[in-house]
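Enquirer: take a look and give me a structure for this.
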Amino acid sequence: MTRRVRAAVIARLALPAVAAGLAACAVGPDFNRPAPPASTGYGSASAPSETVSAEGTGGNAQRFVTDLDIPAQWWTLFQSQKLTAMVEDALKRNPNLAAAEATLRQAHELFAVQGAAYFPLVQGGFSASHAKNADAAIANPTSSTSSIYSLYTAQLTLSYTPDVFGLTRRSVEAAKAQEEGARFQREAVYLTLSSNVVVTAVQEATLRGQIAATERLLDLQHQLTETVRGQRKLGVASDLDLLTQQTAEAQTAATLPPLQKQLGQTRDALTALLGRLPDSEPSDTFTLEDLTLPGELPVSVPSKLVAQRPDVRQAEENLHAASAQVGVAIANMLPLFNLTADAGTSALQFGSLFGPYTSFWDLGASLTQTLLDGGALIHRRRAAEAGLDEAGAQYRAAVILACQNVADTLRALDADAAGLKATLEADRAAHGALDLARGQYKLGAVSFVVVLNAEQAYQQAELALVVARANRYSDTAGLFQSLGGGWWNRPGEALNE
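Expert: Modelled structure (predicted):
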(Lines give C-alpha, C1' and ligand atoms only; values in the text may rest on other atoms or scores of the structure.)
Protein backbone atom coordinates (compact mmCIF):
# COMPACT_ATOMS: atom_id res chain seq x y z
CA MET A 1 0.00 0.00 0.00
CA THR A 2 1.48 3.33 -1.03
CA ARG A 3 1.87 6.20 1.41
CA ARG A 4 -0.81 8.25 -0.43
CA VAL A 5 -3.36 5.41 -0.31
CA ARG A 6 -2.57 4.73 3.35
CA ALA A 7 -3.11 8.40 4.22
CA ALA A 8 -6.44 8.43 2.37
CA VAL A 9 -7.63 5.35 4.25
CA ILE A 10 -6.61 6.81 7.61
CA ALA A 11 -8.37 10.07 6.82
CA ARG A 12 -11.55 8.25 5.77
CA LEU A 13 -11.60 6.28 9.01
CA ALA A 14 -10.68 9.25 11.20
CA LEU A 15 -13.26 11.71 9.89
CA PRO A 16 -16.32 9.95 11.40
CA ALA A 17 -14.54 9.68 14.74
CA VAL A 18 -13.62 13.37 14.68
CA ALA A 19 -17.17 14.32 13.72
CA ALA A 20 -18.60 12.21 16.53
CA GLY A 21 -16.15 13.76 18.97
CA LEU A 22 -17.05 17.26 17.91
CA ALA A 23 -20.77 16.50 18.17
CA ALA A 24 -20.21 15.26 21.73
CA CYS A 25 -18.68 18.61 22.70
CA ALA A 26 -21.98 20.49 22.80
CA VAL A 27 -21.80 22.99 25.64
CA GLY A 28 -24.72 23.88 27.84
CA PRO A 29 -27.13 21.74 29.83
CA ASP A 30 -28.53 18.53 28.34
CA PHE A 31 -32.31 18.60 28.62
CA ASN A 32 -34.08 16.00 30.75
CA ARG A 33 -37.87 15.87 30.91
CA PRO A 34 -39.15 17.04 34.28
CA ALA A 35 -40.18 14.26 36.63
CA PRO A 36 -43.96 13.73 36.69
CA PRO A 37 -45.88 14.56 39.88
CA ALA A 38 -45.67 11.90 42.56
CA SER A 39 -49.30 12.47 43.58
CA THR A 40 -51.69 9.61 42.94
CA GLY A 41 -54.91 11.61 43.10
CA TYR A 42 -56.51 15.00 43.50
CA GLY A 43 -57.02 15.24 47.26
CA SER A 44 -60.56 15.14 48.56
CA ALA A 45 -61.79 15.62 44.98
CA SER A 46 -60.68 12.02 44.29
CA ALA A 47 -63.01 10.58 46.93
CA PRO A 48 -66.28 9.85 45.01
CA SER A 49 -66.22 6.84 42.72
CA GLU A 50 -69.80 7.37 41.53
CA THR A 51 -72.25 10.23 41.66
CA VAL A 52 -75.82 10.03 42.93
CA SER A 53 -78.62 9.69 40.41
CA ALA A 54 -81.90 11.48 39.81
CA GLU A 55 -84.89 10.91 37.58
CA GLY A 56 -85.30 12.50 34.19
CA THR A 57 -82.96 13.96 31.58
CA GLY A 58 -79.31 14.01 32.65
CA GLY A 59 -80.07 12.31 35.95
CA ASN A 60 -78.16 9.05 35.53
CA ALA A 61 -75.25 8.28 37.85
CA GLN A 62 -71.72 8.80 36.53
CA ARG A 63 -68.90 6.43 37.47
CA PHE A 64 -65.28 7.63 37.58
CA VAL A 65 -62.77 5.15 36.14
CA THR A 66 -59.08 5.66 36.85
CA ASP A 67 -56.92 5.83 33.70
CA LEU A 68 -59.82 5.05 31.38
CA ASP A 69 -58.59 6.08 27.93
CA ILE A 70 -60.24 9.01 26.19
CA PRO A 71 -61.39 8.62 22.58
CA ALA A 72 -60.11 11.17 20.08
CA GLN A 73 -63.69 12.18 19.31
CA TRP A 74 -64.82 12.31 22.92
CA TRP A 75 -67.86 14.44 22.04
CA THR A 76 -69.46 11.39 20.41
CA LEU A 77 -70.04 10.04 23.94
CA PHE A 78 -72.96 12.48 24.19
CA GLN A 79 -74.62 10.36 21.46
CA SER A 80 -75.88 13.28 19.39
CA GLN A 81 -75.34 13.15 15.64
CA LYS A 82 -76.11 16.85 15.42
CA LEU A 83 -73.44 17.68 17.97
CA THR A 84 -70.87 15.41 16.31
CA ALA A 85 -71.53 16.95 12.91
CA MET A 86 -71.23 20.46 14.34
CA VAL A 87 -67.91 19.77 16.07
CA GLU A 88 -66.47 18.22 12.92
CA ASP A 89 -67.68 21.19 10.88
CA ALA A 90 -65.96 23.58 13.31
CA LEU A 91 -62.71 21.61 13.09
CA LYS A 92 -62.77 21.99 9.31
CA ARG A 93 -63.74 25.65 9.09
CA ASN A 94 -62.62 27.53 12.18
CA PRO A 95 -59.87 30.04 11.26
CA ASN A 96 -58.13 29.82 14.64
CA LEU A 97 -57.37 26.14 14.06
CA ALA A 98 -56.23 26.92 10.51
CA ALA A 99 -53.88 29.56 11.94
CA ALA A 100 -52.47 27.05 14.43
CA GLU A 101 -51.88 24.57 11.59
CA ALA A 102 -50.02 27.26 9.63
CA THR A 103 -47.92 28.12 12.70
CA LEU A 104 -46.92 24.47 12.99
CA ARG A 105 -45.93 24.29 9.32
CA GLN A 106 -43.90 27.45 9.74
CA ALA A 107 -42.11 26.05 12.80
CA HIS A 108 -41.32 22.86 10.88
CA GLU A 109 -39.76 24.79 8.02
CA LEU A 110 -37.72 26.94 10.41
CA PHE A 111 -36.45 23.75 12.03
CA ALA A 112 -35.39 22.50 8.59
CA VAL A 113 -33.65 25.83 7.94
CA GLN A 114 -31.72 25.52 11.18
CA GLY A 115 -30.73 21.94 10.38
CA ALA A 116 -29.15 23.05 7.09
CA ALA A 117 -26.26 24.48 9.13
CA TYR A 118 -24.91 20.94 9.50
CA PHE A 119 -24.03 20.90 5.79
CA PRO A 120 -21.47 22.90 3.77
CA LEU A 121 -22.70 25.92 1.86
CA VAL A 122 -21.84 25.71 -1.85
CA GLN A 123 -22.47 28.74 -4.04
CA GLY A 124 -21.87 29.25 -7.71
CA GLY A 125 -21.13 32.62 -9.25
CA PHE A 126 -20.39 34.29 -12.51
CA SER A 127 -19.13 37.83 -13.05
CA ALA A 128 -18.25 39.92 -16.10
CA SER A 129 -16.60 43.31 -16.10
CA HIS A 130 -15.26 45.78 -18.65
CA ALA A 131 -12.62 48.16 -17.31
CA LYS A 132 -9.81 50.59 -18.20
CA ASN A 133 -6.59 50.36 -16.23
CA ALA A 134 -4.64 53.45 -15.19
CA ASP A 135 -1.51 52.07 -16.87
CA ALA A 136 0.47 55.24 -16.32
CA ALA A 137 0.19 54.81 -12.55
CA ILE A 138 -0.18 51.09 -11.85
CA ALA A 139 0.74 47.89 -13.56
CA ASN A 140 -1.80 46.17 -15.77
CA PRO A 141 -3.54 43.48 -13.65
CA THR A 142 -4.06 41.22 -16.68
CA SER A 143 -1.90 39.68 -19.35
CA SER A 144 -3.48 41.98 -21.93
CA THR A 145 -1.28 44.67 -23.47
CA SER A 146 -4.24 47.03 -23.68
CA SER A 147 -5.30 49.16 -20.75
CA ILE A 148 -8.93 48.45 -21.67
CA TYR A 149 -10.01 44.88 -21.08
CA SER A 150 -12.90 42.58 -20.22
CA LEU A 151 -12.73 39.92 -17.51
CA TYR A 152 -15.04 36.91 -17.14
CA THR A 153 -14.98 34.75 -14.02
CA ALA A 154 -16.95 31.61 -13.09
CA GLN A 155 -16.37 30.00 -9.71
CA LEU A 156 -17.72 27.72 -6.99
CA THR A 157 -17.36 28.74 -3.36
CA LEU A 158 -17.62 26.29 -0.47
CA SER A 159 -17.79 27.31 3.15
CA TYR A 160 -18.32 25.14 6.20
CA THR A 161 -18.48 25.91 9.90
CA PRO A 162 -17.59 22.83 11.97
CA ASP A 163 -19.83 22.46 15.01
CA VAL A 164 -16.90 22.26 17.39
CA PHE A 165 -18.68 23.44 20.55
CA GLY A 166 -22.27 22.50 19.68
CA LEU A 167 -23.57 25.88 18.51
CA THR A 168 -25.38 24.27 15.58
CA ARG A 169 -26.53 21.30 17.62
CA ARG A 170 -28.08 23.47 20.32
CA SER A 171 -29.65 25.79 17.75
CA VAL A 172 -31.25 22.81 15.99
CA GLU A 173 -32.35 21.43 19.35
CA ALA A 174 -34.07 24.73 20.19
CA ALA A 175 -35.76 24.87 16.78
CA LYS A 176 -37.03 21.30 17.18
CA ALA A 177 -38.43 22.12 20.62
CA GLN A 178 -40.15 25.18 19.16
CA GLU A 179 -41.69 22.99 16.46
CA GLU A 180 -42.97 20.58 19.11
CA GLY A 181 -44.29 23.54 21.08
CA ALA A 182 -46.22 24.70 18.01
CA ARG A 183 -47.59 21.18 17.66
CA PHE A 184 -48.98 21.20 21.18
CA GLN A 185 -50.28 24.71 20.68
CA ARG A 186 -52.28 23.35 17.77
CA GLU A 187 -53.57 20.54 19.97
CA ALA A 188 -54.61 23.09 22.60
CA VAL A 189 -56.54 25.09 19.98
CA TYR A 190 -58.13 21.86 18.70
CA LEU A 191 -59.19 20.88 22.22
CA THR A 192 -60.47 24.33 23.12
CA LEU A 193 -62.45 24.61 19.91
CA SER A 194 -64.16 21.23 20.24
CA SER A 195 -64.92 21.88 23.93
CA ASN A 196 -66.32 25.33 23.17
CA VAL A 197 -68.68 23.90 20.57
CA VAL A 198 -69.99 21.30 23.04
CA VAL A 199 -70.35 23.80 25.90
CA THR A 200 -72.03 26.37 23.64
CA ALA A 201 -74.47 23.74 22.41
CA VAL A 202 -75.25 22.88 26.04
CA GLN A 203 -75.70 26.59 26.77
CA GLU A 204 -78.17 26.82 23.89
CA ALA A 205 -80.05 23.82 25.24
CA THR A 206 -80.11 25.41 28.69
CA LEU A 207 -81.58 28.65 27.40
CA ARG A 208 -84.18 26.81 25.37
CA GLY A 209 -85.12 24.87 28.49
CA GLN A 210 -85.37 28.07 30.54
CA ILE A 211 -87.50 29.71 27.87
CA ALA A 212 -89.77 26.67 27.70
CA ALA A 213 -90.11 26.61 31.50
CA THR A 214 -90.93 30.31 31.55
CA GLU A 215 -93.52 29.88 28.82
CA ARG A 216 -95.13 27.01 30.76
CA LEU A 217 -95.29 29.18 33.85
CA LEU A 218 -96.75 32.04 31.83
CA ASP A 219 -99.48 29.72 30.62
CA LEU A 220 -100.27 28.73 34.20
CA GLN A 221 -100.26 32.36 35.30
CA HIS A 222 -102.53 33.36 32.44
CA GLN A 223 -104.99 30.65 33.45
CA LEU A 224 -104.88 31.92 37.01
CA THR A 225 -105.40 35.50 35.81
CA GLU A 226 -108.53 34.43 33.98
CA THR A 227 -109.71 32.59 37.07
CA VAL A 228 -109.22 35.66 39.27
CA ARG A 229 -110.95 37.83 36.66
CA GLY A 230 -113.98 35.51 36.74
CA GLN A 231 -113.99 35.50 40.53
CA ARG A 232 -113.87 39.30 40.62
CA LYS A 233 -117.00 39.42 38.47
CA LEU A 234 -118.67 37.14 40.99
CA GLY A 235 -117.45 39.32 43.83
CA VAL A 236 -115.28 36.59 45.31
CA ALA A 237 -111.96 38.27 44.39
CA SER A 238 -111.02 41.92 44.74
CA ASP A 239 -109.52 44.32 42.22
CA LEU A 240 -106.30 44.12 44.21
CA ASP A 241 -106.17 40.35 43.71
CA LEU A 242 -106.58 40.74 39.94
CA LEU A 243 -104.02 43.52 39.66
CA THR A 244 -101.53 41.54 41.76
CA GLN A 245 -101.93 38.48 39.54
CA GLN A 246 -101.63 40.54 36.37
CA THR A 247 -98.44 42.09 37.77
CA ALA A 248 -96.99 38.63 38.46
CA GLU A 249 -97.83 37.50 34.93
CA ALA A 250 -96.28 40.63 33.42
CA GLN A 251 -93.13 40.23 35.51
CA THR A 252 -92.70 36.68 34.31
CA ALA A 253 -93.27 37.78 30.72
CA ALA A 254 -90.55 40.41 31.21
CA THR A 255 -87.99 37.66 31.88
CA LEU A 256 -88.46 36.18 28.40
CA PRO A 257 -86.73 38.88 26.28
CA PRO A 258 -83.39 38.63 28.18
CA LEU A 259 -83.45 34.85 27.78
CA GLN A 260 -84.24 35.19 24.08
CA LYS A 261 -81.43 37.72 23.72
CA GLN A 262 -78.97 35.32 25.36
CA LEU A 263 -80.19 32.54 23.10
CA GLY A 264 -79.62 34.67 20.01
CA GLN A 265 -76.12 35.62 21.15
CA THR A 266 -75.35 31.99 21.94
CA ARG A 267 -76.42 31.03 18.42
CA ASP A 268 -74.14 33.77 17.07
CA ALA A 269 -71.25 32.40 19.14
CA LEU A 270 -71.91 28.89 17.84
CA THR A 271 -72.02 30.19 14.28
CA ALA A 272 -68.66 31.95 14.79
CA LEU A 273 -67.10 28.75 16.17
CA LEU A 274 -68.12 27.07 12.93
CA GLY A 275 -66.15 29.68 11.02
CA ARG A 276 -69.26 31.27 9.53
CA LEU A 277 -70.71 34.76 9.35
CA PRO A 278 -73.94 35.48 11.28
CA ASP A 279 -76.13 35.16 8.19
CA SER A 280 -75.01 31.51 7.81
CA GLU A 281 -76.36 30.27 11.13
CA PRO A 282 -76.60 26.45 11.30
CA SER A 283 -80.06 24.96 10.98
CA ASP A 284 -79.61 22.41 13.79
CA THR A 285 -80.71 23.44 17.27
CA PHE A 286 -80.17 21.79 20.65
CA THR A 287 -82.21 20.83 23.68
CA LEU A 288 -81.04 18.83 26.65
CA GLU A 289 -83.17 15.92 25.44
CA ASP A 290 -80.93 15.72 22.34
CA LEU A 291 -77.93 14.78 24.51
CA THR A 292 -77.07 11.70 26.53
CA LEU A 293 -75.00 12.11 29.67
CA PRO A 294 -71.95 9.77 29.54
CA GLY A 295 -72.13 7.17 32.30
CA GLU A 296 -68.40 6.37 32.60
CA LEU A 297 -65.88 9.17 32.98
CA PRO A 298 -62.06 8.89 32.87
CA VAL A 299 -59.82 10.17 35.65
CA SER A 300 -56.13 10.20 34.75
CA VAL A 301 -53.61 10.26 37.60
CA PRO A 302 -51.41 13.39 37.72
CA SER A 303 -48.33 11.57 36.40
CA LYS A 304 -50.29 10.66 33.26
CA LEU A 305 -52.16 13.94 33.08
CA VAL A 306 -48.98 15.95 32.43
CA ALA A 307 -48.37 13.88 29.31
CA GLN A 308 -51.95 14.37 28.10
CA ARG A 309 -52.47 18.09 28.59
CA PRO A 310 -51.41 20.10 25.49
CA ASP A 311 -50.67 23.22 27.55
CA VAL A 312 -48.36 21.27 29.87
CA ARG A 313 -46.60 19.65 26.92
CA GLN A 314 -46.19 23.04 25.27
CA ALA A 315 -44.70 24.42 28.51
CA GLU A 316 -42.32 21.44 28.56
CA GLU A 317 -41.16 22.17 25.01
CA ASN A 318 -40.69 25.84 25.92
CA LEU A 319 -38.49 24.64 28.79
CA HIS A 320 -36.56 22.44 26.35
CA ALA A 321 -36.02 25.34 23.96
CA ALA A 322 -34.88 27.59 26.80
CA SER A 323 -32.38 24.93 27.90
CA ALA A 324 -30.97 24.73 24.37
CA GLN A 325 -30.72 28.52 24.18
CA VAL A 326 -28.38 28.47 27.17
CA GLY A 327 -26.10 26.19 25.16
CA VAL A 328 -26.32 28.54 22.19
CA ALA A 329 -25.34 31.50 24.39
CA ILE A 330 -22.34 29.63 25.83
CA ALA A 331 -21.20 28.40 22.40
CA ASN A 332 -21.27 31.96 21.08
CA MET A 333 -18.64 32.86 23.69
CA LEU A 334 -16.20 30.26 22.31
CA PRO A 335 -14.03 30.34 19.17
CA LEU A 336 -15.77 29.96 15.81
CA PHE A 337 -14.01 27.92 13.13
CA ASN A 338 -14.67 28.29 9.42
CA LEU A 339 -13.36 26.38 6.39
CA THR A 340 -13.50 27.84 2.88
CA ALA A 341 -12.60 26.69 -0.63
CA ASP A 342 -12.87 28.38 -4.03
CA ALA A 343 -12.45 26.89 -7.49
CA GLY A 344 -13.14 28.53 -10.79
CA THR A 345 -11.91 29.89 -14.05
CA SER A 346 -11.17 33.40 -15.28
CA ALA A 347 -10.45 34.67 -18.80
CA LEU A 348 -10.29 37.88 -20.81
CA GLN A 349 -12.60 36.43 -23.46
CA PHE A 350 -15.83 34.59 -22.77
CA GLY A 351 -14.96 31.84 -25.28
CA SER A 352 -11.72 31.10 -23.46
CA LEU A 353 -13.38 30.87 -20.03
CA PHE A 354 -12.87 27.12 -19.70
CA GLY A 355 -9.68 26.90 -21.73
CA PRO A 356 -6.23 25.86 -20.47
CA TYR A 357 -4.38 27.97 -17.91
CA THR A 358 -7.56 29.80 -16.80
CA SER A 359 -8.43 27.81 -13.69
CA PHE A 360 -7.73 28.83 -10.12
CA TRP A 361 -8.45 27.50 -6.63
CA ASP A 362 -7.78 28.24 -2.99
CA LEU A 363 -8.31 26.64 0.44
CA GLY A 364 -8.59 28.51 3.69
CA ALA A 365 -9.38 28.18 7.36
CA SER A 366 -10.13 30.81 9.96
CA LEU A 367 -10.77 31.11 13.65
CA THR A 368 -12.75 33.95 15.19
CA GLN A 369 -12.89 34.78 18.86
CA THR A 370 -14.64 37.77 20.36
CA LEU A 371 -12.20 39.57 22.62
CA LEU A 372 -14.08 42.68 23.65
CA ASP A 373 -17.81 43.34 23.29
CA GLY A 374 -18.65 45.31 26.39
CA GLY A 375 -19.93 42.18 28.15
CA ALA A 376 -22.70 41.54 25.61
CA LEU A 377 -22.03 37.79 25.34
CA ILE A 378 -21.93 37.35 29.12
CA HIS A 379 -25.20 39.19 29.53
CA ARG A 380 -26.79 37.11 26.74
CA ARG A 381 -25.77 33.96 28.56
CA ARG A 382 -27.21 35.28 31.81
CA ALA A 383 -30.39 36.28 30.00
CA ALA A 384 -30.65 32.76 28.57
CA GLU A 385 -30.19 31.27 32.05
CA ALA A 386 -32.91 33.58 33.40
CA GLY A 387 -35.12 32.49 30.51
CA LEU A 388 -34.53 28.87 31.53
CA ASP A 389 -35.55 29.67 35.11
CA GLU A 390 -38.66 31.44 33.80
CA ALA A 391 -39.62 28.52 31.57
CA GLY A 392 -39.13 26.12 34.50
CA ALA A 393 -41.44 28.16 36.70
CA GLN A 394 -44.03 28.40 33.92
CA TYR A 395 -43.90 24.63 33.47
CA ARG A 396 -44.53 24.06 37.17
CA ALA A 397 -47.41 26.54 37.05
CA ALA A 398 -48.90 24.69 34.06
CA VAL A 399 -48.75 21.38 35.95
CA ILE A 400 -50.42 22.92 39.01
CA LEU A 401 -53.14 24.49 36.85
CA ALA A 402 -53.78 21.19 35.05
CA CYS A 403 -54.23 19.30 38.32
CA GLN A 404 -56.39 22.11 39.70
CA ASN A 405 -58.64 21.98 36.63
CA VAL A 406 -59.23 18.25 37.07
CA ALA A 407 -59.83 18.58 40.81
CA ASP A 408 -62.27 21.46 40.28
CA THR A 409 -64.18 19.52 37.64
CA LEU A 410 -64.40 16.38 39.77
CA ARG A 411 -65.80 18.43 42.63
CA ALA A 412 -68.24 20.12 40.26
CA LEU A 413 -69.50 16.83 38.82
CA ASP A 414 -70.11 15.37 42.27
CA ALA A 415 -71.86 18.55 43.40
CA ASP A 416 -73.85 18.76 40.14
CA ALA A 417 -75.34 15.32 40.68
CA ALA A 418 -76.28 16.05 44.29
CA GLY A 419 -77.60 19.47 43.28
CA LEU A 420 -79.78 18.02 40.52
CA LYS A 421 -81.30 15.49 42.91
CA ALA A 422 -82.10 18.18 45.47
CA THR A 423 -83.39 20.60 42.81
CA LEU A 424 -85.65 17.92 41.34
CA GLU A 425 -87.18 17.27 44.75
CA ALA A 426 -87.65 21.01 45.28
CA ASP A 427 -89.29 21.34 41.86
CA ARG A 428 -91.74 18.54 42.59
CA ALA A 429 -92.58 20.06 45.96
CA ALA A 430 -93.05 23.51 44.42
CA HIS A 431 -95.33 22.12 41.71
CA GLY A 432 -97.39 20.24 44.27
CA ALA A 433 -97.62 23.34 46.45
CA LEU A 434 -98.81 25.43 43.50
CA ASP A 435 -101.51 22.90 42.56
CA LEU A 436 -102.64 22.73 46.17
CA ALA A 437 -102.67 26.52 46.56
CA ARG A 438 -104.68 27.02 43.37
CA GLY A 439 -107.24 24.42 44.44
CA GLN A 440 -107.62 25.89 47.92
CA TYR A 441 -107.86 29.40 46.52
CA LYS A 442 -110.77 28.35 44.31
CA LEU A 443 -112.48 27.00 47.41
CA GLY A 444 -111.70 30.18 49.32
CA ALA A 445 -109.56 28.36 51.86
CA VAL A 446 -106.44 30.49 51.35
CA SER A 447 -105.70 34.04 50.30
CA PHE A 448 -104.40 35.01 46.91
CA VAL A 449 -101.01 35.83 48.45
CA VAL A 450 -100.50 32.12 49.10
CA VAL A 451 -101.07 31.35 45.41
CA LEU A 452 -98.73 34.12 44.34
CA ASN A 453 -95.93 32.86 46.60
CA ALA A 454 -96.45 29.32 45.30
CA GLU A 455 -96.18 30.60 41.72
CA GLN A 456 -92.90 32.37 42.40
CA ALA A 457 -91.44 29.34 44.16
CA TYR A 458 -92.41 27.09 41.27
CA GLN A 459 -90.93 29.48 38.71
CA GLN A 460 -87.60 29.55 40.54
CA ALA A 461 -87.61 25.78 40.93
CA GLU A 462 -88.31 25.18 37.23
CA LEU A 463 -85.49 27.47 36.09
CA ALA A 464 -83.12 26.00 38.69
CA LEU A 465 -83.95 22.49 37.46
CA VAL A 466 -83.00 23.35 33.89
CA VAL A 467 -79.70 24.86 35.02
CA ALA A 468 -78.97 21.90 37.30
CA ARG A 469 -79.45 19.46 34.42
CA ALA A 470 -77.30 21.55 32.09
CA ASN A 471 -74.47 21.84 34.62
CA ARG A 472 -73.90 18.10 34.46
CA TYR A 473 -73.46 18.21 30.68
CA SER A 474 -71.19 21.25 30.60
CA ASP A 475 -69.01 20.03 33.47
CA THR A 476 -68.73 16.61 31.83
CA ALA A 477 -67.37 18.34 28.73
CA GLY A 478 -65.09 20.31 31.05
CA LEU A 479 -63.66 17.08 32.46
CA PHE A 480 -62.74 15.79 29.00
CA GLN A 481 -61.12 19.13 28.27
CA SER A 482 -59.18 19.20 31.55
CA LEU A 483 -57.84 15.68 30.85
CA GLY A 484 -56.48 16.61 27.42
CA GLY A 485 -59.28 15.47 25.13
CA GLY A 486 -57.75 12.27 23.72
CA TRP A 487 -55.67 13.94 20.96
CA TRP A 488 -53.12 11.10 21.22
CA ASN A 489 -55.67 8.67 19.80
CA ARG A 490 -55.95 10.50 16.49
CA PRO A 491 -54.09 8.89 13.57
CA GLY A 492 -50.45 9.95 13.44
CA GLU A 493 -50.32 11.14 17.05
CA ALA A 494 -48.69 9.52 20.08
CA LEU A 495 -48.64 10.27 23.78
CA ASN A 496 -44.85 9.74 24.31
CA GLU A 497 -45.08 9.67 28.10
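Enquirer: which other helices and strands contact whatever helix or strand Ala386 lives in?
Expert: Counting by DSSP states H and E, the element that carries Ala386 is helix 376-442. Contacts defined by 3 or more CB pairs under 8 Å, 6 or more residues apart in numbering; DSSP states H and E place helix 376-442 against helix 167-234, strand 296-299, helix 302-308, helix 310-331, helix 448-482. Yep, even glycine has a C-beta here, placed from its N, CA and C like the rest.
Enquirer: who touches the shortest one?
Expert: Read it as strand 296-299. 46, 62-70, 406, 410, 413, 476, 479-480, 483 (CB atoms under 8 Å, 6 or more residues apart in numbering).
Enquirer: pLDDT of it, averaged?
Expert: Averaged across strand 296-299, pLDDT comes to 94.
Enquirer: note down every partner strand of that strand and its orientation.
Expert: Applying DSSP bridges, strand 296-299 is found paired with strand 63-66 (parallel).
Enquirer: for the next helix or strand after the partner strand, the averaged confidence score.
Expert: Note on strand 63-66: by DSSP H and E, the next helix or strand toward the C-terminus is helix 81-93. Across helix 81-93, the average pLDDT comes to 96.
Enquirer: in whatever helix or strand comes next after helix 81-93, which residues are buried?
Expert: Once the chain leaves helix 81-93, the next helix or strand it forms, by DSSP H and E, is helix 95-115. Across helix 95-115, burial judged by 16 or more other CB atoms under 10 Å covers Leu97, Ala100, Thr103, Leu104, Ala107, His108, Phe111, Gln114.
Enquirer: quick check: angle from helix 95-115 to helix 167-234?
Expert: Calculated by axes from the mean of the first three to the mean of the last three CA atoms, to 10 degrees, helix 95-115 forms an angle of 170 degrees with helix 167-234.
Enquirer: how far does the following helix or strand past helix 95-115 sit from the chain's center?
Expert: Per DSSP H and E, helix 95-115 leads on to strand 121-132 as the next helix or strand towards the C-terminus. Here the centre of strand 121-132 is set off from its chain's centre by 50 Å, with CA atoms, centre = their mean, to the nearest Å.
Enquirer: what's the closest non-adjacent residue to the residue nearest to the spatial centre of the chain?
Expert: For the chain, Ala188 is the residue whose C-alpha lies nearest the centre (CA atoms, centre = their mean; 1.8 Å). Distances taken as CB to CB, 6 or more residues apart in numbering place Pro310 nearest to Ala188, at 4.0 Å, with adjacent residues excluded.
Enquirer: report pLDDT for the one you found.
Expert: 97.
Enquirer: check contacts around it.
Expert: Counted by CB under 8 Å, 6+ apart, Pro310 has contacts Phe184, Gln185, Glu187, Ala188, Tyr190, Leu191, Gly484, Gly485, Trp487.
Enquirer: now those residues as a markdown table including pLDDT and distance to Val52?
Expert: Below are the contacts of Pro310 laid out as a markdown table (pLDDT from 0 to 100; distance: CB to CB, whole Å):
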| residue | pLDDT | distance to Val52 |
| --- | --- | --- |
| Phe184 | 97 | 37 |
| Gln185 | 97 | 39 |
| Glu187 | 96 | 34 |
| Ala188 | 97 | 34 |
| Tyr190 | 97 | 34 |
| Leu191 | 97 | 29 |
| Gly484 | 96 | 27 |
| Gly485 | 95 | 27 |
| Trp487 | 95 | 32 |
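Enquirer: mind listing what's buried in the helix or strand where Arg267 lies?
Expert: Taking DSSP H and E as the criterion, Arg267 maps to helix 256-273. Within helix 256-273, the residues scored as buried using 16+ other CB under 10 Å are Leu259, Gln262, Leu263, Thr266, Arg267, Leu270, Thr271, Ala272, Leu273.
Enquirer: next, count neighbours for the closest residue to Thr206 other than its chain neighbours.
Expert: Spatially, and ignoring its direct neighbours in sequence, Thr206 is nearest to Ala470 (3.8 Å; CB to CB, 6+ apart). By other CB atoms under 10 Å, 25 other residues sit near Ala470.
Enquirer: same question, Lys176
Expert: Lys176: 19 neighbours (other CB under 10 Å).
Enquirer: check contacts around Asp268.
Expert: The neighbours of Asp268, taking CB under 8 Å, 6+ apart as the test, are Pro278, Glu281.
Enquirer: so for it, what pLDDT did the model give?
Expert: In this model, Asp268 carries a pLDDT of 97.
Enquirer: please determine how far it is located from Thr200.
Expert: 10 Å (CB to CB, to the nearest Å).
Enquirer: list the buried residues of stretch 121-132.
Expert: By 16+ other CB under 10 Å, stretch 121-132 has no buried positions at all.
Enquirer: same question, stretch 198-207
Expert: Buried, per 16+ other CB under 10 Å, within stretch 198-207: Val198, Val199, Thr200, Ala201, Val202, Gln203, Glu204, Ala205, Thr206, Leu207.
Enquirer: ditto for stretch 25-34
Expert: Those would be Ala26, Val27, Gly28, Phe31, Pro34, for stretch 25-34 by 16+ other CB under 10 Å.
Enquirer: likewise for stretch 286-305?
Expert: 286, 288, 290-291, 293-294, 297-302, 304-305.
Enquirer: again, but for stretch 328-347
Expert: 328-332, 334, 336-337, 340-342, 344-347.
Enquirer: can you read off the pLDDT for Ala461?
Expert: Ala461 carries a pLDDT score of 91 in this model.
Enquirer: what's the answer for Arg3, then?
Expert: Reported pLDDT for Arg3: 43.
Enquirer: let me know the secondary structure of Leu158.
Expert: Following DSSP: H, G, I helix; E, B strand; the rest coil, the label given to Leu158 is strand.
Enquirer: what about the stretch 51-200 of the chain, any weak spots by pLDDT?
Expert: 136-137, 143-144 (pLDDT under 70).
Enquirer: skipping adjacent residues, who's closest to Thr476 in space?
Expert: Thr476 sits nearest to Pro294 (CB to CB, 6+ apart), 6.0 Å away.
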